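# Predicted model and sequence below, questions to follow.
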Amino acid sequence: MQKQAIFQSKLLPYALVAPQLSIVLIFFYWPALQAMIQSFLLQDAFGLSTSFVWFDNYLELFRERAYFEAILRTFFFSFAIAVSSLSFALLLAVMADKPLRGVMLYRTLLIWPYAVAPPVVGVLWIFMLHPSLGVLSRYLRALGVDWNPLLDGDQAATLIILAAAWKQISYNFLFFLAGLQSIPRSVLEAAAIDGARPMRRFWTVTFPLLSPTIFFLLVVNIVYAFFDTFGIIDTMTRGGPGKSTETLVYKVYTDGLLGGNLGSSAAQSVILMIMVIVLTGIQFRFVERKVTY
Amino acid sequence: MVEEEGFRRYVAHIILWIGIAIVAFPVYLAFVASTQDNAVIANGQMSLLPGGHFFQTYYQTIFVGTSGSTREPVGNMMLNSLVMALLIAVGKIAISIISAYAIVYFRFPFRMPIFWLIFVTLMLPVEVRIYPTYKIVADLHMLDSYAGLSLPLIASATATLLFRQFFMTVPDELLEASRIDGAGPFRFFWDTLLPLSRTNMAALFVILFILGWNQYLWPLLITTRDDMQTIQIGIRKMITTTDALTEWPIVMATAVLAMLPPVLVVVVMQKLFVRGLVETEK
C-alpha cells in the first residue's frame, strides 16, 4: 500500500528519519553486532588478551549441564505461567462478558495490575509468602506444609510462577474480553435455538471462535515469561536457591555481569535473540494466517 | 436473546469478586503492612487491618528513606522514575512520529531499507543485548545520567509502526486540500496531521509512560550512584540486607508508592489505556 499524494523533497525526509535511525543504529544494531562478535571471542581471566575461538563459546554452552537445565526451566516456567494465567483470565472474561450489572466496574477492578512493575510483584509475593513473616505462610504451615521457598527449589519455582501468572491476569483478561465481545451474538443465539446448553455452547462455539486470541496471547505470554520475569525473580529469589529459578535471561545477567564470562554471556544473548525471532515469526505467520476463521 | 437465568448470574458475580480479591489481596497486604510497626511484622504477627503508623512511615519513606545502608529518600527515586518515564514516552513519540511521516509522505532512496531497519528492532527487547548496550553507554559517558537511562529504551519500532498505519488511513484529499492552501510539509504536519493524531499519541503516551516507569533491568545496570536510582531499583536494595534488618513497613510503603502513578494512569485514563494496549500489540 502506498500513498498517492506525497511531498517532493530531497533532504527533508532524511532529516526526519535521522533521529530515530541514529538511536536505532547506536543503541540497537551496534550492541547486537557486538554481541555476535563477542560470542566468537574468548577473553583471558584478566581481560588482557582476546582470541577468536569460532563456535567454542556455543559448544561450551551446550556441553554445560546448567545451560540445558536453564533452557528446560525457562520453557517450563513459560508454559506454566501461560497456562495458569490464561485459563484463569478466560474464566473471568467469560463471566464478565455476561449481561451483568456493574461490568465496567469489574473491568476496572481487574485490569489495574497490568501497571504493577515486575520487581514490585516480586516484593509483594515474597512478603505474602515469606517463610518467617508471610501472612499466608502461617496458614500453609497450619495445613502441615513445610513451606520455605527460600530453601526449597520447587517451592521457589512455584512462587515465581504464581507471582508471574498473577501479574499477567489483567492483560489476558482484557484481550479475552475484547475477543469475546467481538463474537456475534447471533451465532450464540443460533446455537441456543438448536438446544445447546451454555457449557456446550462455550466449547463448541465460543472457544473455537476465540482461538486466534488464544494463540496470540499464548505467544505474548511466553515472551513475557522469557523477559519480564527478570524483575520478579531478581527481587524474590535471585535465581536461587541453588539455581532452581534461574531462567535464560537471568543467566545472561549473572554470567555476563557478575561472573565476568563475556563470551559465554554474548553467546547466550545470541541464542536468546534467535529464540525471540522465531517466536515473533510464529506470531506473525501462524497466528495471523492459520487460525482465523 | 440467549437466556441467562438468575442462578448463573449469581455464580458469575461471585467468580468475578473472587478474581478481584485474588488480584487485590497482595496489594492490600502491602498497604496494611506499610501502616504497622516493623517489630510486629518481623515476628510474623501482622494484623490484617491497617495500623496507626501511616503518616510516620510514609513521611520517613518519602523524605528520609531507610535507616540502613542505602539512605536515599524515596521521593527522590520517584522523581528519577518520573523523569525517565517522561523522557522515554515523549522521546519515543517524537522521533517516531516524524520518521513515520517521512516514510509515508515522501519518496526517497533507501526508504524501504530504512523502514526495515527500524521494523526489525521490534523483535529484540533490551534484555538480550544488555551487556554490549551497557558498554556503549559507558563509552559515551552516559552512566548515571537521564540520557543513559532513556535513550537505549527509545530505540524501538512500535510507535513508528503505529503512526505509519494511522497515516495510511488519513485520506489523500486532506493533503491535496492543504496544498491548494499553499501549505508545505511543515504546515501540513503541524496543522493537519498532528491534530488528527492526538488520540493516538495520548493512547501511546499512556502505555509508554507505564512501561518507562516500570523499567528494571536497564536502570539496575547503569545506575551506580544512589541519587540516580529509580524507585524500582531502590525497592530491591531495601531488601538485600539480611532479613532481620529489612524495614518492611518502609519497603511496603515504597511498593505502594511505586505502584501508585501507573495504576492511577490506568484507572483514570482507562479508555486511552485499553486503546493504546490493543494498538501497540498489533
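Perfect, thanks for sending it.
# Nearest residue to residue A:34 in space, please, no chain neighbours.
Once flanking residues are discounted, residue A:34 sits nearest to residue B:132: 3.7 Å by CB to CB, 6 or more residues apart in numbering or on different chains. Quick note: C-beta positions are derived from backbone N, CA and C, even for glycine.
# The one you found: neighbour count?
When neighbours are counted by other CB atoms under 10 Å in any protein chain shown, residue B:132 registers 24.
# and it, which of the three is it?
helix (DSSP: H, G, I helix; E, B strand; the rest coil).
# Report how far apart the opening and closing residues of stretch B:59-71 are.
The straight-line separation of the ends of stretch B:59-71 (CA to CA, to the nearest Å) is 14 Å.
# Okay, buried residues for that stretch please.
B:60, B:61, B:62, B:65, B:66, B:70 (16 or more other CB atoms under 10 Å in any protein chain shown).
# Now the second one: closest residue in space, sequence neighbours ignored.
Okay, so that is residue B:61. residue B:253 (4.2 Å).
# in what helix or strand does that neighbour lie?
helix B:248-268 (DSSP states H and E).
# list the buried ones in that helix?
For helix B:248-268, using 16+ other CB under 10 Å, the buried residues are B:248-259, B:261-263, B:265-266.
# In the stretch 151-293 of chain A, what residue comes closest to chain B?
Per CB to the nearest CB, the residue of the stretch 151-293 of chain A with the smallest distance to chain B is residue A:231, at 4.1 Å.
# quick one: low-confidence parts of the stretch 151-282 of chain B?
Low-confidence segments of the stretch 151-282 of chain B (pLDDT under 70): B:240-244, B:281-282.
# can you give me the strands in the stretch 1-150 of chain A?
A:41-43, A:50-52 (DSSP state E, counting those that start in this stretch).
# And the helices in the stretch 151-293 of chain A, which stretches?
Under the criterion DSSP state H, counting those that start in this stretch, the stretch 151-293 of chain A contains helices at A:153-181, A:185-193, A:198-201, A:207-209, A:211-227, A:229-236, A:248-253, A:262-282, A:288-290.
# Just send those back as TSV, with mean neighbour count and mean pLDDT too.
Below are the helices of the stretch 151-293 of chain A laid out as TSV (neighbours: other CB atoms under 10 Å in any protein chain shown; pLDDT from 0 to 100):
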stretch	mean neighbour count	mean pLDDT
helix A:153-181	21	90
helix A:185-193	14	83
helix A:198-201	14	80
helix A:207-209	14	86
helix A:211-227	20	85
helix A:229-236	26	88
helix A:248-253	25	84
helix A:262-282	20	80
helix A:288-290	10	49
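# Could you count how many residues lie near residue B:245?
Other residues within reach of residue B:245, judged by other CB under 10 Å, total 13.
# tell me which residues in stretch A:9-24 are buried?
A:9, A:12, A:13, A:14, A:16, A:17, A:19, A:20, A:21, A:23, A:24.
# longest single helix anywhere in the chain?
All of this is about chain A. helix A:65-96 (DSSP state H).
# you looked at the wrong chain, it should be chain B
Taking DSSP H as the criterion, chain B has its longest helix at helix B:74-105.
# Now the element after that one, going C-ward?
Trace forward from helix B:74-105 with DSSP H and E and the next one is helix B:111-120.
# what does that next one contact?
With contact meaning CB atoms under 8 Å, 6 or more residues apart in numbering or on different chains, helix B:111-120 is reached by A:13, A:17, A:20-21, A:24-25, A:29, B:99, B:103, B:157, B:160-161, B:164.
# again, only this time at 10 Å
A:13-14, A:17, A:20-21, A:23-25, A:28-29, A:32, A:277, A:280, B:96, B:99-100, B:102-104, B:108, B:110, B:155-157, B:160-161, B:164 (CB atoms under 10 Å, 6 or more residues apart in numbering or on different chains).
# Next: stretch A:146-154.
Residues contacting stretch A:146-154 (CB under 10 Å, 6+ apart): A:125-126, A:129-132, A:134, A:136-141, A:155-160, A:236-237, A:240-245, B:243.
# end-to-end on it?
12 Å.
# Work out the gap between that stretch and the centre of the chain.
24 Å (CA atoms, centre = their mean, to the nearest Å).
# ok, now stretch B:204-224?
6 Å.
# Could you do stretch A:150-169 as well?
For stretch A:150-169 - counting by CA atoms, centre = their mean - the centre lies 14 Å from the chain centre.
# Provide the backbone phi and psi angles at residue A:98.
The phi/psi pair for residue A:98 (degrees, to the nearest 10) reads phi -70, psi 160.
# follow-up on the earlier one: in the longest helix of chain A, which residues are buried?
A:67, A:70-71, A:73-75, A:77-78, A:80-82, A:84-86, A:88-96.
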